[in-house]
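>>> Sequence unavailable; structure follows:
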C-alpha cells in the first residue's frame, strides 16, 4: 500500500491539521511555452518562411524568391500515476482524527491536501523533465519524452555561446558567461520582446551575487521572481529549476518553445474512488507531455566544458 506509517508512534492527540505540504517548485517553464494540443503520439510544428527580393519597378515583372515549408516533429510521452490507499492503516496513528466514525473506512481523509500536494509534485517533476527529459534515461521520471537539452543538442545550426569561460559557473565568471551568451544572440531576433536567457536557479544565484559584487550603480541589479534584466540590455534572464545542476545556459525566444499535450491541463485531472473489491481508495491520473523547438538556428547554448 502507499501509506508508510512505520516511523510514527501510536496515536497521541496531535490535532495539527491541515497537514503541511513540503515546499515544491512549480513547472515555470511550461507556463512560458506555446501549447500545441491534440497530440496522441506525435505531431509537427509547421513552419513557413519566405525570401523577399527587391527589384526595380518597371513595365515588366520577374518572379523572384521562394516560400519554403518545413516541419519539426514534437513527440509526447504517455504518463500515468497510480496509487492505492488503505484508510485502515491510519487507525492507530494520530491520523485517526481525520477518519470518519465507524469501520467502513471507504473515504480518503485529507483529500484536498493530498490532491494539492500531488499536483505540485507533478508540476515539479515535469519542470525537470521539460529540460532534462531523455527517453534513453534509466530514470522513470525522465524517460517519458525528450527534453529541451537533448533536442537542442541534437539539432543543427544552434549558436555556440561558449565565447569565454567554459569552466563551472561561479560568482567570479557568471557575468562574463552571461555577457557571452547575450553577445551570441542572433541580431535578427535581439530586438524581439520575448527573448530570454534561461539558467538554473543555482546559476542565477551566482549571477545575481556577481552583479551585486560588481556594484553596477548605473543599472538595477534587483531580481524579481527569479528574473532579472541583463544590465544595459533588453534581454531578461529567467531562472528555472529544470536547469538546476546542469551548468547549461540557453537563450531563445519564448515563441520558439513548444509544449505538446493531448488535452490542456490534463495533468490536473484526477480520478479517486473507493474500490469495494480491494477495500482501498484508488488514485489515478494520466496525461501526455512533450516539448520541441521550432528554429534551432535562433537558439544560443552555453555548455560547461
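Arrived safely, thanks for sending. Note that this is a predicted model, so its numbers are computed, not measured. Numbers count the residues shown, from 1 in each chain.
>>> At the geometric centre of the chain, which residue sits there?
Here the mean C-alpha position of the chain is nearest to the C-alpha of residue 127 (CA atoms, centre = their mean), at a distance of 3.0 Å.
>>> Remind me which helix or strand that one belongs to.
helix 111-132 (DSSP states H and E).
>>> just to revisit the earlier point, check the gap between the residue nearest to the centre of the chain and residue 28 for me.
Distance of residue 127 to residue 28, given as CB to CB, to the nearest Å: 6 Å. The way it works is simple: take the backbone N, C-alpha and C, and place the C-beta from them, glycine included.
>>> Common neighbours of these two, please.
Taking CB atoms under 8 Å, 6 or more residues apart in numbering as the contact criterion, the common neighbours of residue 127 and residue 28 are 240, 241, 242.
>>> which one among these gets closest to residue 203?
residue 240 (10.2 Å; CB to CB).
>>> If you tally nearby residues, what's the number for the closest one?
Neighbour count for residue 240, taken as other CB atoms under 10 Å: 24.
>>> For it, name its beta-bridge partners.
Beta-bridge pairing of residue 240 under DSSP bridges involves residue 200.
>>> May I have the phi/psi pair for residue 154?
Backbone torsions of residue 154, given as degrees, to the nearest 10, read phi -90, psi -10.
>>> mind checking pLDDT for the most far-flung residue of the chain relative to its centre?
In the chain, the residue that sits farthest from the middle, by CA atoms, centre = their mean, is residue 59; the gap is 55.9 Å. Per-residue pLDDT puts residue 59 at 87.
>>> Same question for the one 10 residues further on.
What the model reports for residue 69 is a pLDDT of 74.
>>> gap between it and residue 296?
Distance from residue 69 to residue 296, by CB to CB: 17 Å.
>>> More neighbours: those two, which one.
residue 296 (18 against 9).
>>> I figured the more buried one hits residue 153, correct?
No - counting by CB atoms under 8 Å, residue 296 stays clear of residue 153, with 10.1 Å between them.
>>> can I assume residue 74 is in contact with residue 44?
Yes - counting by CB under 8 Å, residue 44 is a contact partner of residue 74 at 7.1 Å.
>>> the more surrounded of these two?
Neighbours were counted for residue 74 and for residue 44 using other CB under 10 Å; residue 74 has more, 23 against 13.
>>> Flag every buried residue along whatever helix or strand the more buried one lives in.
Using DSSP H and E, residue 74 maps to strand 67-75. By neighbour count on 16 or more other CB atoms under 10 Å, the buried set for strand 67-75 is 72, 74, 75.
>>> Which residue ranges of the stretch 101-250 of the chain form strands?
Listed in chain order, the strands of the stretch 101-250 of the chain (DSSP state E, counting those that start in this stretch) span 159-160, 195-200, 227-229, 236-240, 248-253.
>>> what ranges of the protein fall below the confidence cut-off?
1-2, 5, 8-26, 92, 94-99, 102-103, 164-166, 216-223, 264-269, 305 (pLDDT under 70).
>>> For the stretch 201-305 of the chain, which segments count as helices?
Along the stretch 201-305 of the chain, counting by DSSP state H, counting those that start in this stretch, helices occupy 201-214.
>>> for residue 105, what are its contacts?
Per CB under 8 Å, 6+ apart, neighbours of residue 105: 86, 87, 88, 91, 99, 279.
>>> which one of the residues you listed sits closest to residue 135?
Using CB to CB, the contacts of residue 105 come closest to residue 135 at residue 86, 34.5 Å.
>>> got a list of what the closest one touches?
Per CB under 8 Å, 6+ apart, neighbours of residue 86: 1, 3, 105, 279, 280, 281.
>>> Provide the contact partners of the strand holding residue 74 at residue level.
Residues contacting strand 67-75 (CB under 8 Å, 6+ apart): 36, 39, 41-51, 145-146, 258, 260, 290-294.
>>> Kindly recompute the last result at 7 Å.
Identification of contacts with strand 67-75 by CB atoms under 7 Å, 6 or more residues apart in numbering yields 36, 39, 41-50, 145, 258, 260, 290, 292, 294.
>>> Next: stretch 37-52.
36, 65-76, 258, 260-264, 288, 292, 294.
>>> now for the helix holding residue 127, which elements pack on it?
helix 148-154 (3 or more CB pairs under 7 Å, 6 or more residues apart in numbering; DSSP states H and E).
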